[in-house]
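# Need coordinates for the following:
(one chain, ligands or ions: 1)
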Amino acid sequence: MKTAAIIGGGVIGGGWAARFLLNGWNVRVFDPDPEAERKIGEVLDNARRSLPGLSDVPLPEEGALTFHAEMADAVQGADWIQESVPERLDLKLKVYKGLQEACDPGAVIGSSTSGFKPSELQEGALRPEQIVVTHPFNPVYLLPLIEVVPTAANSAEFVAHAQDLLKSVGFFPLHVKKEIDAHIADRFLEAVWREALWLVKDGIATTEEIDEAIRMGFGIRWAQMGLFETYRVAGGEAGMKHFMAQFGPALEWPWTKLMDVPEFTDELVDLIAGQSDAQSGMHSIRELERIRDNNLVGMMRALKAQNWGAGAVLNAHDAALKPGALPSLDQADLSQPILTLARAVPLDWTDYNGHMTESKYLEAFANSTDRFMEIIGCDADYIASGGSYFTAETHIRHIDETHAGAKIEVRTQMLLGAGKKLHLFHSMYEGDKLLATGESFLLHVSLETRRPCAPSTEIEAALGRVAEGQAGLPYPEGAGNAIRKPA
Ligand SMILES: NC(=O)c1ccc[n+]([C@@H]2O[C@H](COP(=O)([O-])OP(=O)(O)OC[C@H]3O[C@@H](n4cnc5c(N)ncnc54)[C@H](O)[C@@H]3O)[C@@H](O)[C@H]2O)c1
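The predicted structure follows:
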């Protein structure tokens, strides 16, 4: 089990703590603020409800979270030390001096700095080769990007090791090869922010109108293809060259304010703050965080289904976590119902009543049926060879409420598995609490004739093993039920 030390547990440090903790690391926090524990607790509440459900497999067991009064205690023996103290160079340098006297020379010291270059952070350090910029994005527990900015003082092995550790907790490390102020993303965002300030100052648009201009159009495009790929598509069949020929000259027209920065007068600050209050003041920051997280989870899970962008990163993380998550036929205790699903309930599976929405029970039980089919040998290769199971009938009972973030497990009892017939009874639990049951009757079919037929002898043999193993199980209460006509 690995250990991370979080130095500075504010908005960003709290997000790092949650990301490591929920991916199975032990986390030690050093922050002189007496409120740090409460603040990290609140970030963790949000993270527990949103992050585990992004995965379609269970995350590792949570690590242990401890708070330390001395920085040396927090960093001793840690594999990763993440500095997220306020954005002041003198403070950051003082922190590195203190922590390098106590930490393991092999540990990675990552800085969350939004603006400083790694060479500035390494200046005068005991071991400059150990310090690197690892710049995250809020909420750190959900967004995958980390800009990894090293200098020549960091070895290639060190940079690769840092990237491997980041990937192991689900991040997407982007190796920024040349250091600049504000790295790649914040340099870009500052240009956008500057233009937005001008638009408000000049009375062209309100904060709300600017946000609508982003989120109703190009913001959604950017989230899935970024800038250049989006423009390539916009160029039509002639592609990027055509796009540049068409819009390149516009860059010479005064569309933007270029490098001018509007003066930060009290008047401008009040104007923007007032418009922002009018736009969003009806929601507390905690509410806005929850709305943001709900939206992010929904969008990222949609990208997951396309295996694209941030969704492809999530799928790669699932694949790395998967080995050992669910038992194979040889690993399962066949005298008991077999574990066929283990996951957290994603935010986008919940409804207006605040619990898991009806159709998602069917999705969960369908995933269990798919897993059962895999276990008995009806896997992707078998299906490609021309045989599969089709579901003929399903019956679901809702027994208790299930909420976002809940860790659910489905265990499957085979009631019949002979010839072309397969009758499964799934029970969904949170811990010992029974939440729902799902009963399915399936028929094995030939994908060529679309008619029922017997499965392969290998599948028949696997069904025989399950039937023999589970023969001692009682027939489940609730199996064979139907919604009765009132007497
Ligand atoms: N807020 C963002 O959106 C964002 C995004 C990416 C990166 N960053 C960077 O992350 C860093 C932290 O920003 P934040 O927004 O979390 O700030 P914050 O003010 O929310 O948190 C800073 C925390 O550091 C603690 N602290 C102060 N002195 C300390 C010390 N000597 N040792 C340990 N802890 C100390 C404070 O008590 C506070 O809890 C900055 O470098 C910032 O540029 C911020």
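
# C-alpha from now on. contacts and neighbour counts both.
Will do.

# the helices in the stretch 351-487 of the chain, which residues?
Using DSSP state H, counting those that start in this stretch, the helices found in the stretch 351-487 of the chain span residues 358-375, 380-384, 457-469.

# so the biggest strand by length in the chain versus helix 358-375, what angle?
Counting by DSSP state E, the longest strand found in the chain is strand 433-446. Put simply, strand 433-446 runs at 60 degrees to helix 358-375, going by axes from the mean of the first three to the mean of the last three CA atoms, to 10 degrees.

# what packs against strand 433-446?
When contacts are defined as 3 or more CA pairs under 8 Å, 6 or more residues apart in numbering; DSSP states H and E, strand 433-446 sits against helix 358-375, strand 387-398, strand 421-430.

# about what we covered before: possible to save the helices of the stretch 351-487 of the chain as CSV with mean pLDDT, distance to the ligand and mean neighbour count?
Shown next, in CSV, are the helices of the stretch 351-487 of the chain (pLDDT from 0 to 100; distance: least, CA to the nearest ligand atom, whole Å; neighbours: other CA atoms under 10 Å):
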stretch, mean pLDDT, distance to the ligand, mean neighbour count
helix 358-375, 97, 34, 19
helix 380-384, 97, 42, 12
helix 457-469, 98, 52, 17
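
# which residues does Leu59 contact?
Listed by CA atoms under 8 Å, 6 or more residues apart in numbering, the contact partners of Leu59 are 22-24, 52, 321, 343.

# That one looks like it's in a helix, true?
No. Leu59 sits outside any helix when classified using DSSP: H, G, I helix; E, B strand; the rest coil, being coil.

# if we can go back for a sec, now do the longest strand of the chain, average pLDDT.
Across strand 433-446, pLDDT averages out at 98.

# Export only the CA atoms of that strand, formatted as PDB.
Extracted in PDB, the C-alpha atoms of strand 433-446 (Å, rounded to 0.1, in the frame of the first residue of the first chain):
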ATOM      1  CA  LYS A 433     -28.700  -5.200   3.100                       C
ATOM      2  CA  LEU A 434     -30.700  -6.800   0.300                       C
ATOM      3  CA  LEU A 435     -31.700  -4.000  -2.100                       C
ATOM      4  CA  ALA A 436     -33.300  -5.700  -5.100                       C
ATOM      5  CA  THR A 437     -33.600  -9.000  -6.900                       C
ATOM      6  CA  GLY A 438     -33.600  -9.700 -10.600                       C
ATOM      7  CA  GLU A 439     -34.700 -12.900 -12.200                       C
ATOM      8  CA  SER A 440     -34.000 -13.700 -15.900                       C
ATOM      9  CA  PHE A 441     -34.900 -16.500 -18.200                       C
ATOM     10  CA  LEU A 442     -32.600 -16.800 -21.200                       C
ATOM     11  CA  LEU A 443     -32.500 -19.000 -24.300                       C
ATOM     12  CA  HIS A 444     -29.400 -20.100 -26.100                       C
ATOM     13  CA  VAL A 445     -29.700 -19.200 -29.800                       C
ATOM     14  CA  SER A 446     -27.800 -19.700 -33.000                       C
END
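
# mind listing what's buried in it?
434-446 (16 or more other CA atoms under 10 Å).

# What of stretch 53-67?
Here stretch 53-67 shows 53-59, 63, 65, 67 as buried, counting by 16+ other CA under 10 Å.

# Looking at those residues, which are in strands?
With strands taken from DSSP E, the overlap with the buried residues of stretch 53-67 comprises 65, 67.

# Leaving aside the residues adjacent along the chain, what's closest to Pro105?
Leaving aside its chain neighbours, Pro105 sits nearest to Gln130 (7.1 Å; criterion: CA to CA, 6 or more residues apart in numbering).

# Just give me the neighbour total for the closest residue to Thr437 other than its chain neighbours.
For Thr437, ignoring the flanking residues on the chain, the nearest one in space by CA to CA, 6+ apart is Ser427 at 4.5 Å. Counted with other CA atoms under 10 Å, the neighbours of Ser427 add up to 23.

# So what sits opposite Ser427 in the bridge?
Beta-bridge partners of Ser427, counted by DSSP bridges, are Arg411, Thr437.

# and the stretch 101-250 of the chain, which residues reach the ligand?
112-114, 135-138 (CA under 6 Å from any ligand atom).

# Drop anything exposed from those.
Of those, these count as buried by 16+ other CA under 10 Å: 112-114, 135-137.

# Inside strands: which ones of these?
In this view, these that belong to strands under DSSP E are His135.

# which of the buried ones among the residues of the stretch 101-250 of the chain next to the ligand sit farthest apart?
Thr113 and Phe137 (10.8 Å; CA to CA).

# hey, what's in contact with both of the two?
Between them, Thr113 and Phe137 share no contacting residue, judged by CA under 8 Å, 6+ apart.

# what secondary structure does Ser180 sit in?
Rather than Ser, residue 180 is Ile. Ile180 - assigned by three-state DSSP - is coil.

# residues contacting the closest residue to it other than its chain neighbours?
Excluding the flanking residues, the one nearest Ile180 by CA to CA, 6+ apart is Lys117, at 6.1 Å. Contacts of Lys117 were listed using CA under 8 Å, 6+ apart, and they are 133, 149, 179-183.

# Let me have those residues in CSV, adding distance to Leu334 as columns.
Below are these laid out as CSV (distance: CA to CA, whole Å):
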residue, distance to Leu334
Val133, 50
Val149, 51
Glu179, 57
Ile180, 59
Asp181, 59
Ala182, 57
His183, 54
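
# State the number of residues packed around Ala482.
Counted with other CA under 10 Å, residues neighbouring Ala482 total 10.

# leaving aside the residues next to it on the chain, what's closest to it?
His395 (7.6 Å).

# what's the farthest-apart pair in the buried residues of strand 433-446?
Leu434 and Ser446 (35.8 Å).

# buried ones in the longest helix anywhere in the chain?
Taking DSSP state H as the criterion, the chain has its longest helix at helix 285-306. Neighbour-count burial for helix 285-306 flags 290, 293-294, 296-301, 303-304 (criterion: 16+ other CA under 10 Å).

# which helices and strands does whichever helix or strand comes after that helix pack with?
Counting by DSSP states H and E, the element after helix 285-306 in chain order, helix or strand, is helix 310-321. Applying 3+ CA pairs under 8 Å, 6+ apart, one finds that helix 310-321 contacts helix 156-168, helix 285-306.

# Need the contact partners of the last one.
Applying CA under 8 Å, 6+ apart, the set of residues contacting helix 285-306 from outside is 46, 50, 54, 142, 224, 309-312, 314-315, 346-348.

# Most neighbours out of these, which is it?
For the contacts of helix 285-306, the largest number of neighbours (other CA under 10 Å) sits with Leu54, at 28 neighbours.

# what's near enough to touch that one?
By CA under 8 Å, 6+ apart, the contact list for Leu54 reads 297, 300-301, 314, 346.

# 7 Å - rerun?
By CA atoms under 7 Å, 6 or more residues apart in numbering, Leu54 lies in contact with 297, 301, 346.

# try Ile408
342-344, 428-430.

# same thing with His355?
401-404.

# if we go to 6 Å?
By CA atoms under 6 Å, 6 or more residues apart in numbering, His355 lies in contact with 402-403.

# Quick check: it vs His403, distance?
Here His355 is placed at a distance of 5 Å from His403 (CA to CA, to the nearest Å).

# In CSV, list the C-alpha atoms belonging to the helix-or-strand element of the chain with minimal mean pLDDT.
When the helices and strands of the chain are scored by mean pLDDT, DSSP states H and E, helix 239-247 comes last with a mean of 81. Listed next in CSV are the C-alpha coordinates belonging to helix 239-247 (Å, rounded to 0.1, in the frame of the first residue of the first chain):
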residue,chain,number,x,y,z
GLY,A,239,-9.5,19.6,-43.6
MET,A,240,-7.1,21.8,-41.6
LYS,A,241,-5.4,23.6,-44.5
HIS,A,242,-8.8,24.8,-45.8
PHE,A,243,-9.9,25.9,-42.3
MET,A,244,-6.7,27.9,-41.8
ALA,A,245,-7.0,29.5,-45.2
GLN,A,246,-10.5,30.5,-44.4
PHE,A,247,-10.1,31.8,-40.9
